[in-house]
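Asker: this is a predicted model, with the sequence first.
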Amino acid sequence: MSRDVHVIDHPLVQHKLTLMRRKDTSTKSFRELVHELSALLAYEITRDMPMQEIEIETPLEKMTSRVIDGKKVVLASILRAGNGFLDGMLQVIPGARVGHIGLYRDPATLKAVEYYFKMPQDMHERDVIVLDPMLATGNSAVAAVDRLKKTGPRSIRFVCLVTCPEGIMTFHDAHPDVPIYTPAVDRGLNEHGYIVPGLGDAGDRIFGTK
């Protein structure tokens, strides 16, 4: 596996992912699990975030102590399924800014088509975490990061619930400098471009649209 793929194998992460994979997990439970899992993933993804020293006063004395600058973090949600990640992540990084990238997959070509893009200002000062539950063909992720790079952010990381070797290869062929964080690298893609064994269509399962 590429050194730029970080497989998050924490027992709580793996346990919740297993529950999400089950086809009889309800929309309500699936949504709650995405929320819980995204908060856990936020801890792992931010493990090496840049920190700065500030001066504070404890009840006993003054001291310098370290903080992250949450306002410098941008959570970039690939619509619509990426929005399922947002609440859990914001619970851990409440100062983060939120951007949205609207992409849909052309059913004939499986290529990504952009219909919406909105990011905070001053992206060159910011660290971006791209959120998309599935890194399947990789086409949407590549298109999203292509677009993000034009804004010149300080760094980009990509986080998903499930990916596969084909998606990783497509993504890292285009963006070898962007690390992927995921709890699972599954077997591959089926003829419809879905990850197998996977967990189905994450957007449909989060929003109850199927």
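Answerer: Nice, thanks for sending it over.
Asker: and for the nearest residue to K62 once chain neighbours are set aside, the neighbour number?
Answerer: Spatial nearest neighbour of K62, excluding adjacent residues (CB to CB, 6 or more residues apart in numbering): E55 at 6.3 Å. (Glycine included, C-beta is placed from N, CA and C.) Taking other CB atoms under 10 Å as the criterion, the count of residues near E55 is 8.
Asker: repeat for K118
Answerer: Other residues lying near K118 total 10 when counted by other CB under 10 Å.
Asker: need the contact list for it.
Answerer: If you count contacts by CB atoms under 8 Å, 6 or more residues apart in numbering, K118 has them with G99, H100.
Asker: G167 contacts T137, doesn't it?
Answerer: Yes: with contacts counted by CB atoms under 8 Å, G167 reaches T137, the gap being 6.2 Å.
Asker: what sits up against the longest helix along the chain?
Answerer: For the chain, the longest helix by residue count, based on DSSP state H, is helix 27-45. The contact list for helix 27-45 (CB under 8 Å, 6+ apart) reads 6, 8, 10, 12-13, 16-17, 19-20, 25, 84-89, 91-93, 129, 131, 133, 157, 159, 161, 181, 183, 202, 205-208.
Asker: any idea which helix or strand carries the closest residue to H175 other than its chain neighbours?
Answerer: Nearest non-adjacent residue to H175, counting by CB to CB, 6+ apart: V145, 5.0 Å away. Assigned by DSSP states H and E, V145 falls within helix 139-149.
Asker: just the strands in this structure please.
Answerer: 5-7, 51-57, 62-68, 73-79, 97-105, 112-118, 127-131, 134-135, 155-159, 162-163, 180-182, 188-189, 195-196 (DSSP state E).
Asker: perfect, I'm done here.
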